[in-house]
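Q: What follows is a predicted protein model with its sequence.
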Amino acid sequence: MSAINETLIRDVVVDVMARLGSARPSHEADQKPCGHSPCPLPTGSGAVGRRPGEGFRSSMHEIGSVNRRSAGGKFGVFQDANDACVAAQGAFEKLRQKGVAARAKVVEIVKTMADANAAEWGRIELEETKIGRLDHKIEKLQIIKLVPGVEWLNPYGRSGDHGITLEEYTPFGVVAAVTPSTHSIPTLSGNVINIVAAGNAVVFNAHPGAARCAAMAVREYNRAIERETGIENLITIIEQPTLDSFKAMCSHEVVRLLCVTGGPAVVKAAMQIGKRAICAGPGNPPVLVDDTCCLTHAAKTIIQGAAYDNNLLCIGEKEIFALESIADRLMEHLAENGAARLNGSQLERLTRAAFTFSEGRGGGCAHATVNRELLGKDAAVLARAAGVDVKPATQLLFAETSADHPFVVEEQMMPFVPIVRVKSVEEGIERSIEAEHGYKHTSIIHSHDVENMTAMARALDTTLFIKNGPCMSGLGLGGEGYLSYSIATPTGEGVTNPRTFTRVRRCVMVDNLRIY
C-alpha cells in the first residue's frame, strides 16, 4: 500500500472515530482554509492534563497517541501546548530517520505552496489583522522562494598530518517559535524553511492578532508534508495562543531552542526562559541623506521602502535626517514622486491622533505611546486624521519635524516619515544614533561619498546597513543577498538562515583516512 493511501485511510479512520465519539471531536475535518474562526473547542493554559512529575520519558510515550487524544490536534493544530510540543518531538524523530531528502522536500512544499496561495492567503491575513496592504501581503508570500534551504548546510572538512576532521551542522530537535501580527504567514513560512532545512521540527505560538491565518497555513502545510513524506505534525501550532501557552511551549522539556520575532516585551520574556533564544527584536531605522547623492533616486527609494506594507517592516525607513543644503529639494522630489507633504497644523493633528501622552505632556514628548488603531493603515487614513484629503494612490506622507518629535523617536509603523534638517553629516550620524536607540537593527544612507558611508556604518554598527537603495534591498529584494523575516539583532545572529538553527559537531579521525 502506498504512503499516500495509508495517509488518506488514517485520516478517514480518525474522522470516523471522532464522529462516533471514540475521541474528542475534530472540527478541522470540515473546516475549509478560509481564515474564519474555527468551531469553538476546549482551551487550556498550555500544560493542562499533564500529571505532576511527568518527565521526558512520559512525554515520549505520549507521542504515538497525542493526535488521538488531543482536541484540535490534526494537521499540526493543537489546543494544548504540551500536546503540540510532544507531537513535534515525534515528528522530529521521523524527520531524522528520513534524512536530508525529506528536509529538501518540505522546503520545496512550503515555497511552492506559499507562492501558489499568495493571493488567497494574503487576503485572509489582511482581513484578520486589518493592517498593511494587500499587494504587499501577496508579494511577501511570493518571495518566500528566496529563503535559503538545505544547500546552506555544507560541512567543513580539514585534512592534515594527524588525520582528518569533519564539522557538520546538525539539528537541535524541537524549536519553539513566536511570530508577529505584522507578517504572520510570511514569518511562519520563512521560519519553517530555515528550521526544517536544519533538521528540526517546530512548534508555533503566533501573535493572537494573526492566530487564525497562521493556524490555517500550518494546517495546509502539514496536509501536504504528510502526503508527500509521511511525517505528521512536523509543524505544530497552538490554535488559541495566550501568555500561558507561550510560557508552557518555551519551557517544555522537548524544546531545545527558541526563535522569537516580535517587540521588546516578548523578546525579554523569551530571554528569561533560560534556554538559548534567537530573538528578532525592534528597530527604528534612520535614513541619512547627504549632498552628494542623486536626490531623485533617494526620494523614489525612500517612498518605496517606507510605504512598503504601510511601513510595517522592521527594516523600513522610519525617520530621515537630511543636510540643510538639500532638505528642501529632497522634499520637492518626494512630492513629485507621489508622497504628500503635511504642513505644521496638519502634522500636529496627526501627532495627536497617532500618539497618546502622559498627563501634563504634549506633542513632541519623547515618552509618547503609539495609537495601535493607526498602525499599518493606508496613507489616506492618516491624512484624514491630519485633516486633509490626499489622492487615493498616495502611498506615503511626510513632514518636517524636530529631532525629538514622537514620529522620530518611536517605531511607529505608519506610512509617514518625519524629515529633520541637520547641519553636517556628523550631526546626521549623531541624530541617527539617538533615533536608532542602540537596537543595532537597520540603518540607511543615500550618498556617493565613501567616507560618509564608512563613518555611518562604523558609528551605528547595525545588522543591516543599506546604501543608495530601499530597505528591502538589504534582504535580497533589489540587492544581493537572501531573505529572512527574522533578523536576530538582540542576540546577534543577524539575518537568520538554516545554519542559525543548528549545532556544530566535530568528528575527528586521528592519523588515518588522510589519502595524501
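A: The structure has been received and is ready for your questions.
Q: ok, now how distant is Ile302 from Cys259?
A: 31 Å (Cβ to Cβ, to the nearest Å). In short, each C-beta sits where N, CA and C put it, glycine included.
Q: Check Ser37 and give its pLDDT.
A: Reading off the per-residue confidence, Ser37 sits at a pLDDT of 32.
Q: what do you get for the one 3 residues further on?
A: Reported pLDDT at Pro40 in the predicted model: 29.
Q: Same check on the one 5 residues further on?
A: If you check Ser45, the pLDDT there is 33.
Q: And the strands in the stretch 301-450 of the chain?
A: 319-323, 340-341, 355-356, 369-370, 397-400, 416-422, 442-446 (DSSP state E, counting those that start in this stretch).
Q: elements contacting the fifth one?
A: Here strand 397-400 is seen to pack against helix 324-336, strand 340-341, helix 344-354, helix 379-385, strand 416-422 when contacts are counted using 3 or more Cβ pairs under 8 Å, 6 or more residues apart in numbering; DSSP states H and E.
Q: average pLDDT across the fourth one?
A: Helix 379-385 carries an average pLDDT of 97.
Q: C-alpha coordinates for it, PDB please?
A: In PDB, the C-alpha atoms belonging to helix 379-385 read as follows (Å, rounded to 0.1, in the frame of the first residue of the first chain):
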ATOM      1  CA  ALA A 379      -1.700  57.000   3.900                       C
ATOM      2  CA  ALA A 380      -5.200  58.200   3.100                       C
ATOM      3  CA  VAL A 381      -6.400  57.200   6.600                       C
ATOM      4  CA  LEU A 382      -3.500  59.100   8.200                       C
ATOM      5  CA  ALA A 383      -4.200  62.100   6.000                       C
ATOM      6  CA  ARG A 384      -7.900  62.200   7.200                       C
ATOM      7  CA  ALA A 385      -6.600  62.100  10.800                       C
END
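Q: and it, how far from the chain's centre?
A: Helix 379-385 sits 27 Å away from the centroid of its parent chain (Cα atoms, centre = their mean, to the nearest Å).
Q: and that helix, what other elements does it pack with?
A: helix 344-354, strand 397-400.
Q: Turn these into a markdown table, including mean neighbour count and mean pLDDT.
A: Listed next are the helices and strands packed on helix 379-385 as a markdown table, based on neighbours: other Cβ atoms under 10 Å; pLDDT from 0 to 100:
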| stretch | mean neighbour count | mean pLDDT |
| --- | --- | --- |
| helix 344-354 | 18 | 97 |
| strand 397-400 | 24 | 98 |
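Q: just to revisit the earlier point, for Tyr156, find the nearest of the helices and strands packed on strand 397-400.
A: Smallest distance to Tyr156 across those (Cβ to Cβ): 43.9 Å, for strand 416-422.
Q: what are the C-alpha coordinates of the closest one, in CSV please?
A: Coordinates of each C-alpha in strand 416-422 appear next as CSV, following Å, rounded to 0.1, in the frame of the first residue of the first chain:
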residue,chain,number,x,y,z
PHE,A,416,4.6,58.6,7.4
VAL,A,417,8.2,59.8,7.6
PRO,A,418,9.5,62.8,9.5
ILE,A,419,12.3,64.8,8.0
VAL,A,420,14.9,66.5,10.2
ARG,A,421,17.4,69.1,9.0
VAL,A,422,21.0,68.7,10.1
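Q: about what we covered before: nearest to Glu410, out of the helices and strands packed on helix 379-385?
A: helix 344-354 (9.0 Å).
Q: Show me what the closest one is packed up against.
A: Other helices and strands packing on helix 344-354, by 3+ Cβ pairs under 8 Å, 6+ apart, are helix 379-385, strand 397-400, helix 406-409.
Q: Format those as TSV; extra columns: distance to Ile278.
A: Listed next are these as TSV, based on distance: least, Cβ to Cβ, whole Å:
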stretch	distance to Ile278
helix 379-385	34
strand 397-400	35
helix 406-409	27
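Q: Ile429: which of these is closest?
A: Nearest of those (Cβ to Cβ): helix 406-409, 14.9 Å.
Q: between the helices and strands packed on helix 379-385, which one is nearest to Glu120?
A: Of the helices and strands packed on helix 379-385, nearest to Glu120 by Cβ to Cβ is strand 397-400, at 30.6 Å.
Q: and Met17, what pLDDT?
A: 41.
Q: Phi, psi for Ser473 please.
A: Torsion angles at Ser473 (phi, psi; degrees, to the nearest 10) stand at phi -70, psi -20.
Q: show me what contacts it?
A: With contact set as Cβ atoms under 8 Å, 6 or more residues apart in numbering, Ser473 has these partners: 466, 479.
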